[in-house]
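Enquirer: Just need the structure, nothing else, for what follows:
(one chain, ligands or ions: 2)
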Amino acid sequence: MATQKMLKFVTVAKETPEKRPATLRNQDFHEIYREFAAEKAAEQAARCSQCGVPYCQSHCPLHNNIPDWLRLTAEGRLEEAYELSQATNTFPEICGRICPQDRLCEGNCVIEQSGHGTVTIGSVEKYITDTAWENGWVKPIKPAVERTESVAIIGAGPGGLSAADVLRRKGYQVTVYDRYDRAGGLMTYGIPGFKLEKPVVMQRIEQLELGGVSFVLNCTVGVDLSFDAIRGQHDAVLIATGVYKSRDIEAPGVGARGVVRALDYLTASNRKSFGDDVPEYDSGELNAMGKRVVVIGGGDTAMDCVRTAVRQGATSVKCLYRRDRANMPGSQREVQNAEEEGVDFVWLSAPKGFTGGETVDGVMVQKMRLGQPDASGRQMPELIEGADYVEGADLVVQALGFEPEDIPTLWGVSDLAVTRWGTIKADFRTHATNLPGVYAAGDIVRGASLVVWAIRDGREAADAIMAYLKQAEVVAAE
Ligand SMILES: Cc1cc2nc3c(=O)[nH]c(=O)nc-3n(C[C@H](O)[C@H](O)[C@H](O)COP(=O)(O)OP(=O)(O)OC[C@H]3O[C@@H](n4cnc5c(N)ncnc54)[C@H](O)[C@@H]3O)c2cc1C
Ligand code: SF4
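Expert: Residues are numbered from 1 along each chain as shown. Ligands and ions are numbered 1, 2, ... in the order given. Here you go, the predicted structure:
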């Protein structure tokens with residue numbers, strides 16, 4: 001490819017389609033992208049040393065056979081590479097885009113360990129599966145036999161959908177219930193489109209629908225339909241409802257207009273990208289355009305908020321975190337991306353309150369230092385007296401993480417066992433809860449985690465559900 005073309009691609013690749021130069025829209029951009037991606041994938045795949053101690057594979061939650069599909073890609077045998085990669089991963093093109101590879105496969109690549117820079121495993125995985133979709137190698141779901149047993153899945157996020165995929169391929173009747181109007185869970189409404197383009201998620205949902213999975217959307221279990229009714233209608237149930245209770249800041253002024261929750265902010269932005277009518281976005285309430293934005297938190301959700309605010313045209317974006325860079329929970333790669341985009345990180349800073357009265361105009365910031373380690377070995381932030389100041393802000397986004405909702409109470413199933421953190425208690429291998437025929441997977445068991453772990457749980461739970469239903473069939477036949 002001409003170097004000039006490649007440079008042009010690199011410059012515009014990070015922009016949203018609307019911001020790309022008109023000359024590079026649609027077909028042009030797509031062609032340049034394909035050419036560039038093909039070269040990059042082959043080049044990266046060839047860098048794998050086939051070391052024989054695949055730490056990348058053991059640090060991938062799905063134990064993807066990475067060295068083999070890298071070798072096949074380097075040899076130009078892309079369809080075989082795809083077959084191998086999809087054998088262990090339900091959504092390889094999604095993981096390739098959004099896994100925090102620096103903490104998983106790529107962080108453990110021996111080439112990275114020896115200081116030569118990791119093979120970019122995630123982008124090769126994405127390339128292989130995107131190519132498979134384009135070339136029609138992604139097979140429709142066509143069960144060889146239809147079975148009569150039916151399974152209910154509550155929650156259409158990656159945990160629920162990966163279980164639905166496994167079960168349906170084996171011929172089980174699968175109904176997925178979700179309270180949102182679209183399936184996909186946080187892949188649809190949480191993770192921003194610049195990290196995970198929505199058509200990529202929607203094509204998987206369409207594949208499941210075409211394969212015979214039924215979706216009952218706009219259905220909040222516990223409100224529109226009881227858990228008992230679902231249990232009564234199906235032979236087994238998988239709960240994959242994720243964690244949605246925001247951890248809110250407790251400080252004076254937190255109720256002011258302009259202090260919002262991360263998920264409300266990100267959902268509004270994602271809905272807008274679907275072309276939905278979003279009054280809170282149009283009114284400016286959940287839109288950073290022309291505003292001084294302060295995001296509070298140091299995890300990946302905070303990174304998504306700051307990067308969304310940059311794209312919405314905020315005049316300034318600051319991220320306040322009470323520890324330092326080395327001790328933040330978010331991916332270092334994401335911090336670097338945010339910094340490159342102009343986000344200002346204000347380390348060792350915590351909110352004490354909000355100024356402005358009814359409408360926020362600033363955050364009272366208290367400066368911190370790191371003190372003694374706590375029981376987990378992590379240094380505890382301590383207050384520095386007399387170092388407070390006010391950081392001007394028109395929009396403050398709280399991104400302090402999520403907790404599980406109280407499912408036993410909300411669903412009227414007091415006998416469903418939960419942990420002291422409110423997550424559902426389930427066997428770590430079979431994902432069985434204490435209720436017969438009821439399984440649980442993904443964030444609702446692990447607490448806020450990752451898409452790749454939800455996929456693994458969903459696949460394992462599906463296997464366990466099939467074993468349970470076969471056992472029930474044997475017992476019934478006796
Ligand atoms: C902003 C943000 C960014 C993230 N970025 C990344 C990332 O880059 N990479 C990564 O790997 N992970 C990321 N994560 C984490 C990842 O999205 C989750 O770990 C993953 O989606 C969990 O999957 P799940 O299937 O368990 O739950 P979810 O994806 O949360 O899906 C649960 C579904 O259950 C439905 N539901 C809940 N209660 C009910 C009910 N009562 N009735 C009916 N339906 C119900 C919900 O509507 C939802 O659709 C991010 C999370 C957030 C919040
Ligand atoms: S699923 Fe995630 S961790 Fe596993 S190989 Fe792909 S990008 Fe790496």
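Enquirer: which residues does V124 contact?
Expert: Neighbour list for V124: 41, 44-45, 69-70, 73, 96 [criterion: CB atoms under 8 Å, 6 or more residues apart in numbering]. Every C-beta, even on glycine, is put in place using the N, C-alpha and C of the backbone.
Enquirer: same thing but 7 Å
Expert: 41, 44-45, 70, 73 (CB atoms under 7 Å, 6 or more residues apart in numbering).
Enquirer: so when I look at it, I'm seeing a helix, right?
Expert: Yes. Looking at V124 with DSSP: H, G, I helix; E, B strand; the rest coil, it is inside a helix.
Enquirer: Name the nearest residue to it, ignoring sequence neighbours.
Expert: A41 (5.0 Å; CB to CB, 6 or more residues apart in numbering).
Enquirer: Which helix or which strand is home to that neighbour?
Expert: Using DSSP states H and E, the element containing A41 is helix 26-47.
Enquirer: what mean pLDDT does that helix have?
Expert: Predicted confidence along helix 26-47 averages 77 (mean pLDDT).
Enquirer: And the residue lying closest to I239 once chain neighbours are set aside, its phi and psi?
Expert: Take I239 and drop its neighbours on the chain: the residue closest to it by CB to CB, 6+ apart is A440, 4.4 Å away. When read as degrees, to the nearest 10, the backbone of A440 gives phi -140, psi 140.
Enquirer: Same question for E382.
Expert: Note on E382: backbone dihedrals following degrees, to the nearest 10 are phi -120, psi 150.
Enquirer: Does the closest residue to it other than its chain neighbours belong to a helix, a strand or coil?
Expert: Distance criterion CB to CB, 6+ apart; nearest residue to E382, sequence neighbours excluded, is G371 at 4.1 Å. Put simply, G371 is strand when judged by three-state DSSP.
Enquirer: so who does G371 touch?
Expert: Residues in contact with G371 (CB under 7 Å, 6+ apart) are 379-380, 382.
Enquirer: Get me the contact residues on the stretch 51-200 of the chain for ligand 1.
Expert: 98-99, 154-160, 177-180, 185-187, 190-191, 195 (CB under 6 Å from any ligand atom).
Enquirer: Which elements pack onto the helix ranked longest in the chain?
Expert: With secondary structure taken from DSSP state H, the chain has its longest helix at helix 451-477. Counting contacts by 3 or more CB pairs under 7 Å, 6 or more residues apart in numbering; DSSP states H and E, helix 451-477 packs against helix 92-98, helix 158-169, strand 236-239, strand 438-440, helix 443-446.
Enquirer: First-to-last residue distance for stretch 374-383?
Expert: End-to-end distance for stretch 374-383: 16 Å, by CA to CA, to the nearest Å.
Enquirer: so what's the residue nearest to Y321 when sequence neighbours are not counted scoring on pLDDT?
Expert: Distance criterion CB to CB, 6+ apart; nearest residue to Y321, sequence neighbours excluded, is G298 at 3.6 Å. At G298, the predicted lDDT confidence score is 93.
Enquirer: thought G298 was touching D324?
Expert: No. Look at G298 against D324 with CB atoms under 7 Å: they stay out of range, at 9.4 Å.
Enquirer: of these two, who's got more company?
Expert: Higher neighbour count among G298 and D324: G298, with 25 against 16, using other CB atoms under 10 Å.
Enquirer: Pull up the gap between that one and ligand 1, please.
Expert: Going from G298 to ligand 1 by CB to the nearest ligand atom, to the nearest Å gives 14 Å.
Enquirer: Strands of the stretch 151-300 of the chain, start to end?
Expert: 173-177, 214-216, 236-239, 245-246, 259-261, 292-296 (DSSP state E, counting those that start in this stretch).
Enquirer: Those into JSON lines, with extra columns for mean neighbour count?
Expert: Shown next, in JSON lines, are the strands of the stretch 151-300 of the chain (neighbours: other CB atoms under 10 Å):
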{"stretch": "strand 173-177", "mean neighbour count": "23"}
{"stretch": "strand 214-216", "mean neighbour count": "17"}
{"stretch": "strand 236-239", "mean neighbour count": "28"}
{"stretch": "strand 245-246", "mean neighbour count": "14"}
{"stretch": "strand 259-261", "mean neighbour count": "20"}
{"stretch": "strand 292-296", "mean neighbour count": "27"}
